[in-house]
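*Asks:* Predicted model and sequence below, questions to follow.
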Amino acid sequence: MSDFTLILANLFSRKLRAALMLVAIFFAFLIFGVLAGVQNGFDNIGDSGSENRLVTTNKINFTQPLPLAYISRIRSVEGVVGASHANWFGGYYQDPKNLVMTFAVDPESYLNIYAGDVALAADQKAAFLADRTGLLVGRKIAEKNGWKVGDRIPLNSNIYTNKNTGKQSWEFTISGIVDPAREDGSTDWAIFHYDYFSESVTFGQNTIGYVIIETADKALNMKIAKVIDEMFANSPAETATDTEKAFGQAFAAQLGNITLVITLVVGAAFFTILMIVGNTMFMAVRERTREIGVMKTLGFPSGRIFKLVLGESLMLSAIGALPALAASAGLLIWMKKTVGMPGLALTAPYVALGVGIMLALGLLTGLIPAWNALRLNIVTALGRQ
Amino acid sequence: MTALISIQGGAKRFVKGRETITIFDHLDMTIEQGDFIAIMGPSGSGKTTLLNLLGGIDRATAGSISFAGQRLDQMNEGQLSAWRAANVGFIFQFYNLMPALNAARNVELPLLLTSLGAGERKRRVETALKIVGLAERAKHFPREMSGGQQQRVAIARAIVADPRMLLCDEPTGDLDRKTADEILSMLQLLNKEMGKTIIMVTHDPEAARYASRVLHLDKGRFVEQVAA
């Protein structure tokens, strides 16, 4: 027997109580781990993209359109090696819950800019460029909906009506299925021809949602952004140009302040658990007052008793938290495969934060009982029945 | 015989509100190495308080306490803990075993305060349990044992570190007569065969008969009797 086994024996002397505390701690850290992984996903939006890409949107916000004519003016800016444009289509397939993140793009320039990010068979690329109603779709979306190349499918827009049919349902032919070119990439989107879009919409013809710009060098990014925004200053549609990563994060921020949500949820969970575990530890040690008195009588120094009691709360915290962090890491791997968000992962800084919180929980809940045990008078303890 | 533990001018007073309660004052006593002393007296006479002073778990208000030349009253808490671990075995009325530990681990507890390796600790635990006749109960938890068996485990725990002195506070107070006699015979054996100095507080005159000397504590003074 060692102090470690003594701590374990005391911790599990009341198995049901220990199990309930462990379950509470486990779920708190599971929530922490998953939310931290999601936060990491949002933090890394756009990271997989090229560093020398900029995005120009309407200065009011990116839901406001820009004139199509801007694209040629942007292409003429020194240091810009390519530019394309995209419009948010707001697509879904059959059920509004079955979202398909769809954009109307200028096909050739768009595929040129993202050539390094997607893997697409040459014949499928050619078929897409040749077919005005062609749709390029990510593999996960295609597999989810059972689509294959050549299929004719309807996609609904929750924004645009097709004036040719008078419906919000748009017909497309699957021209190709794309994969991410890199492991950290994502192709959870679909694109189709801007010409088909612009000619068929009932409003917003010849306007574009945003412009994607490829610069000659990332060092030129801020200079080019400034030139572009100055070019359209005092026009009816002023622009705001930033890096693609910043654009992606701004887009994600529409979902709400993820950091605040995580802080509030995790904070509330931890405060509750701190109270429960702290109170339970306090009661557990108080119940063992006589046992602690006996140990002191046998010659256990007060400092060692302090360590044993504190070790118990740290052990409780560790047994609950470490498997929870491991489980959340596993859960995030599964979510990453399912959702297709590349940054979903419990990274080292978040693991370190989780371990730090675990230690803080153990120390905070154990300090008072350990201090009481340290100061316990033997005669008083032995007199307590 | 040589003196093992002695109190000179020992006093113990408690302050309760404005009142000072004197348990005993100017108490002198000497216990020789190898003695088996029974301390008797009416309730509240200070028997357990005296035992606590002798065991270094309480401090005298005045006077000196010496153990084999060492002054207990001059030791700090840490030194007293180390002294208890090395020299004293405690046996309580209600056994005071750790409910979360089995018999072997309860007995091993004092050995965690020594530098002995796991193998030597195991050997000593087995020996102690054999002495008290509970070798086959090593894996049993206190809740799985009778009162007499628990007290025998407590005795094994008290002797496992080979202390010179055993302090017993009503060791048979919770046991029936037959079991009490078994426990007292065991203590007598430890005294006679292993040379342990035993100081036992008891209310039971039958139990006191097992001691070599009986000291009556009354109104803060000792009246010595030779055991029958």
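*Replies:* The structure has been received and is ready for your questions.
*Asks:* does the longest helix along chain A come close to chain B?
*Replies:* Scanning chain A for the longest helix, with DSSP state H as the assignment, gives helix A:302-339. Yes: Helix A:302-339 lies within reach of chain B by C-beta under 8 Å from any C-beta of the partner chain, at A:302-303. C-beta coordinates here come from the backbone N, C-alpha and C atoms, glycine included.
*Asks:* Does that helix pack against any helices or strands, and if so which?
*Replies:* helix A:3-11, helix A:15-43, helix A:258-287, helix A:289-298, helix A:348-375, helix B:77-87 (3 or more C-beta pairs under 8 Å, 6 or more residues apart in numbering or on different chains; DSSP states H and E).
*Asks:* I'd like the mean pLDDT over it, please.
*Replies:* Averaging pLDDT along helix A:302-339 gives 90.
*Asks:* so the residue nearest to B:Gln8 when sequence neighbours are not counted, which of the three states?
*Replies:* In this structure, B:Gln8 finds its nearest non-sequential neighbour in B:Ser64, 5.0 Å apart by C-beta to C-beta, 6 or more residues apart in numbering or on different chains. Here B:Ser64 is strand, with the state taken from DSSP: H, G, I helix; E, B strand; the rest coil.
*Asks:* per-residue pLDDT, B:Ser64?
*Replies:* So B:Ser64 comes in at 92 (pLDDT).
*Asks:* what's the answer for B:Thr48, then?
*Replies:* 87.
*Asks:* ok, now A:Thr347?
*Replies:* So, for A:Thr347, pLDDT stands at 88.
*Asks:* Show me what counts as buried in stretch A:63-78.
*Replies:* A:65-66, A:68, A:70-71, A:74, A:77 (16 or more other C-beta atoms under 10 Å in any protein chain shown).
*Asks:* Make a markdown table out of the residues you listed and add secondary structure and distance to chain B.
*Replies:* Formatted as a markdown table, these follow (DSSP: H, G, I helix; E, B strand; the rest coil; distance: C-beta to the nearest C-beta, whole Å):
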| residue | secondary structure | distance to chain B |
| --- | --- | --- |
| A:Pro65 | coil | 71 |
| A:Leu66 | strand | 72 |
| A:Leu68 | coil | 77 |
| A:Tyr70 | helix | 75 |
| A:Ile71 | helix | 75 |
| A:Ile74 | helix | 74 |
| A:Val77 | coil | 76 |
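*Asks:* and chain A, which residues reach chain B?
*Replies:* A:1-3, A:5-6, A:9-10, A:12-13, A:290-291, A:294-303, A:378-379, A:382.
*Asks:* Mind giving me the ChimeraX command for buried ones among the residues you listed?
*Replies:* With 16+ other C-beta under 10 Å as the criterion, this ChimeraX line picks the buried residues out of those:
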select /A:1,6,9,10,12,13,290,291,294,295,296,297,298,299,300,301,302,378,382
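*Asks:* ok, now how distant is whichever residue of chain A sits closest to chain B from A:Leu30?
*Replies:* Chain A approaches chain B most closely through A:Gly299 (2.6 Å), counting by C-beta to the nearest C-beta. Here the criterion is C-beta to C-beta, to the nearest Å. By it, A:Gly299 lies 42 Å from A:Leu30.
*Asks:* Next: A:Gln39.
*Replies:* 15 Å.
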